[in-house]
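[1] show me the folded form of this:
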Amino acid sequence: MSITWNTPLVASTVGAVVVGLVVNHWLRRDNLRPNEPVLLPGSLPIFGHAIEFGKDANKLYLRVRDFADDLQPVSVSLMGQRVYIILKPQDVAAIWKAKAVNFDPIVEWGMHTIFGMSSDGIERSHLDDAQGTGDMFEQAHGFMRDALAPGEPLDLITNKFIRYVTKDIEITKQAIRSATGGRVHVSLLSWLRDRIGIPSTNAVVGENVLRADPGILEALMRMDSDMPRLSSGLPHWLVKDAVDNVKRLNDTFERELDKENVLYWMKQRMDLMAARGISHRDQITASMAIWQALQTNSVPTVCWIIYQLLLHPQITADILEEVKPAFNSHGNLIDLEYLTTKTPKLAAFYWETLRYVSGVVSVRKVMETFELGGRVLYKDALIMIPTRPYHMTREIFGDDCEQFVPDRFLRDGTHQPGKLNPGIRAVRPFGGGSTLCPGRHFATNEIFFTVATILRTFDIALVDPSQTDLFPQSARASVATLPPNKDVQVYIKLKEGA
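    Below you'll find the predicted structure:
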């Protein structure tokens, strides 16, 4: 007797069974283990919370805050990866001190998943070399800390940056003089991207990269906005445009990076990789990642500072007066230490900006199961410590924590209920613990100098004076600094005598 198969029916039946098994498997993976942080509602089979995370990571963090009982740790699932969201300040402090968690595996994962370093390059980075310098992931933070440490290392990169800014400002001044009416109409963010990105890129990796690919700074900003999707765990085919953009950055660096013209410690890093047999492409990928890390937050931070100063003209005038002693009569910087340590109004404005727009998230991997605040955090899970919910906490920063307050860190909050001043040490834009951002000192020098130079050289005005309602757009979460919800169009002309 012959059997006639209904092929479409059989295929659909088998497919349904397979899907059912997969869904059942992933549902089991969402089950909580004893005393594990409770799972945030809304987890989807297979994807977990990955789609929600990719669309708006900060909105997810705020939902965790609203869901959590007394800010207890909460679990989320990203493509089957268990992640604990930590919000309570006491728990955050404990995580930064805990020996059961580690940042190095996050760096390794990011280099492979986000930046495209090969598996062979990852494996070889764990090897030692003849000089006994050890595992490159284990010593990466210490290497960068020393390369950007206050003193001669910091002075080297800062002075190169200042020289390139000075050169760029002269070119920009000439362009404005040549413009119709001596004024240009530009996007503030795009204009500042060039004023900071061009000098910073030339100072760190030499002039070849930008000369060959002038659009690379725009591609970098796109990568920053794509970061939640790149890090969500979604398959590459679902985020192909973001992956292709990272490849474009690596391709440009591979073609144009001149090893002899980069900062000495970047060349030294490439030599350490070569000694372990790591391919040239992977050396380039690691160099691009360093460049990205040094670039990614300064542009949007300066954009926010300049925008807020446009809304506060009296404070702008006060800051201009405050920074005068740092410059000579020709407009050249003569005292960087004064600029960064003796200008309290500029400093307060800077730290309030970091508080208001920071979207940084500290990530760790649980290496050994341990207990935190009565909950058990299990081995191989990830920990995320988002900054924004903390910076929007009334009990710490006052009832006006959701507003930009220029003098928050100057005011006397002891006699004004609800108007607190916890001090700048309460702000956490650079992470914490043993992996505190090694580039924070350069960021301060870079931003203070750029802001002071721009204020002293250019008159900037909003094209639409009523555009006073910008706020950080969390749905376009970047690596750390959140972009504005609208593009800011401005008129720029030279100050008299500039």
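
[2] so residue 111 is in contact with residue 288, correct?
    No. Here residue 111 lies out of contact with residue 288, judged by Cβ atoms under 8 Å, at a distance of 10.4 Å. Where C-beta positions appear, they are placed from N, C-alpha and C, glycine not excepted.

[3] of those two, give the one with the bigger neighbour count.
    residue 288 (26 against 21; other Cβ atoms under 10 Å).

[4] so residue 326 touches residue 339, yeah?
    Yes. Using Cβ under 8 Å, residue 326 and residue 339 qualify as a contacting pair, with a distance of 3.9 Å.

[5] which residues are common contacts for the two?
    Common contact partners of residue 326 and residue 339 (Cβ atoms under 8 Å, 6 or more residues apart in numbering): 333, 452.

[6] max-length helix in the protein?
    helix 152-178 (DSSP state H).

[7] and the next helix or strand after that one, what does it pack onto?
    Once helix 152-178 ends, the next helix or strand along the chain (criterion: DSSP states H and E) is strand 183-187. If you count contacts as 3 or more Cβ pairs under 8 Å, 6 or more residues apart in numbering; DSSP states H and E, strand 183-187 packs onto helix 152-178, strand 489-494.

[8] of the ones you listed, which is nearest residue 98?
    Closest approach to residue 98 among the helices and strands packed on strand 183-187 (Cβ to Cβ): helix 152-178, 29.6 Å.

[9] quick check: buried residues in the closest one?
    Across helix 152-178, burial judged by 16 or more other Cβ atoms under 10 Å covers 153-154, 156-158, 160-162, 164-165, 168-169, 172, 176.

[10] also stretch 430-439?
    430, 431, 432, 433, 435, 437, 438, 439.

[11] any chance of the residues you listed in JSON lines, plus secondary structure, distance to residue 85 and pLDDT?
    Formatted as JSON lines, these follow (DSSP: H, G, I helix; E, B strand; the rest coil; distance: Cβ to Cβ, whole Å; pLDDT from 0 to 100):
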{"residue": "430", "secondary structure": "coil", "distance to residue 85": "20", "pLDDT": "90"}
{"residue": "431", "secondary structure": "coil", "distance to residue 85": "16", "pLDDT": "85"}
{"residue": "432", "secondary structure": "coil", "distance to residue 85": "16", "pLDDT": "82"}
{"residue": "433", "secondary structure": "helix", "distance to residue 85": "17", "pLDDT": "79"}
{"residue": "435", "secondary structure": "helix", "distance to residue 85": "18", "pLDDT": "79"}
{"residue": "437", "secondary structure": "coil", "distance to residue 85": "21", "pLDDT": "90"}
{"residue": "438", "secondary structure": "coil", "distance to residue 85": "25", "pLDDT": "92"}
{"residue": "439", "secondary structure": "coil", "distance to residue 85": "25", "pLDDT": "93"}
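
[12] farthest pair within the residues you listed?
    The largest separation in the buried residues of stretch 430-439, counting by Cβ to Cβ, is between 433 and 439 at 15.9 Å.

[13] quick check: which ranges of the stretch 351-498 of the chain have low pLDDT?
    413-415, 475-479 (pLDDT under 70).

[14] now the helices for it?
    Ranges of helices in the stretch 351-498 of the chain, per DSSP state H, counting those that start in this stretch, are 388-391, 394-397, 440-457.

[15] before we move on, what about the stretch 1-150 of the chain?
    Under DSSP H, counting those that start in this stretch, the stretch 1-150 of the chain gives helices at 7-29, 50-55, 57-67, 89-97, 104-113, 119-125, 140-147.

[16] same thing with the stretch 151-300 of the chain?
    Going by DSSP H, counting those that start in this stretch, the stretch 151-300 of the chain shows helices at 152-178, 188-205, 208-212, 216-230, 240-256, 264-274, 280-295, 298-311.

[17] what about the chain, any weak spots by pLDDT?
    1-30, 413-415, 475-479.

[18] among the helices of the stretch 351-498 of the chain, which is nearest residue 378?
    Nearest to residue 378 among these is helix 388-391; the distance by Cβ to Cβ comes to 23.2 Å.

[19] how about the closest one: buried residues?
    For helix 388-391, by 16+ other Cβ under 10 Å, it's 388, 389, 390, 391.

[20] just to revisit the earlier point, mind putting the helices and strands packed on strand 183-187 into a markdown table with distance to residue 264?
    A markdown table is the format used below for those (distance: least, Cβ to Cβ, whole Å):
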| stretch | distance to residue 264 |
| --- | --- |
| helix 152-178 | 8 |
| strand 489-494 | 36 |
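
[21] quick one: which of those is nearest residue 456?
    Of all the helices and strands packed on strand 183-187, helix 152-178 comes closest under Cβ to Cβ, at 9.9 Å.

[22] compute the inter-axis angle for that closest one and helix 140-147.
    Counting by axes from the mean of the first three to the mean of the last three Cα atoms, to 10 degrees, helix 152-178 points 70 degrees away from the direction of helix 140-147.

[23] now the angle from helix 152-178 to helix 188-205?
    Using the same axes, to 10 degrees, helix 152-178 lies at 140 degrees relative to helix 188-205.

[24] show me what helix 152-178 packs onto, helices and strands only.
    Helix 152-178 packs on strand 183-187, helix 188-205, helix 440-457, strand 489-494, going by 3+ Cβ pairs under 8 Å, 6+ apart.

[25] and the closest residue to residue 68 other than its chain neighbours, what is it in contact with?
    Residue nearest to residue 68 in three dimensions, not counting chain neighbours: residue 74, with 5.1 Å by Cβ to Cβ, 6 or more residues apart in numbering. Taking Cβ under 8 Å, 6+ apart as the criterion, residue 74 is in contact with 37, 38, 39, 40, 64, 67, 68, 84, 85, 87.

[26] PyMOL command for the buried members of these?
    Only the buried entries of the contacts of residue 74 go into this PyMOL selection, using 16+ other Cβ under 10 Å:
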select buried, resi 37+39+40+64+68+84+85+87
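
[27] out of the contacts of residue 74, flag the one nearest to residue 129.
    Closest approach to residue 129 among those (Cβ to Cβ): residue 84, at 35.8 Å.

[28] wait, isn't the closest one in contact with residue 75?
    Yes. Using Cβ under 8 Å, residue 84 is in contact with residue 75, at 5.9 Å.

[29] what residues do these two have in common as contacts?
    With Cβ under 8 Å, 6+ apart as the test, residue 84 and residue 75 both reach residue 37.

[30] returning to that earlier point: how about the buried residues of helix 152-178, which pair is most distant?
    So for the buried residues of helix 152-178, where distance means Cβ to Cβ, the most widely separated pair is 153 and 176, at 35.0 Å.

[31] for residue 280, what are its contacts?
    With contacts defined as Cβ under 8 Å, 6+ apart, residue 280 is in contact with 254, 274.

[32] that one and residue 351, how far apart?
    From residue 280 across to residue 351, the span is 41 Å (Cβ to Cβ, to the nearest Å).

[33] the nearest residue to residue 61 once chain neighbours are set aside - how many residues pack around it?
    Closest residue in space to residue 61, ignoring its immediate chain neighbours: residue 386 at 4.2 Å, by Cβ to Cβ, 6+ apart. Applying other Cβ under 10 Å, we find 24 residues neighbouring residue 386.

[34] the chain should start at 14 in everything you say after this.
    Got it, first residue is 14 now, which makes that one residue 399.
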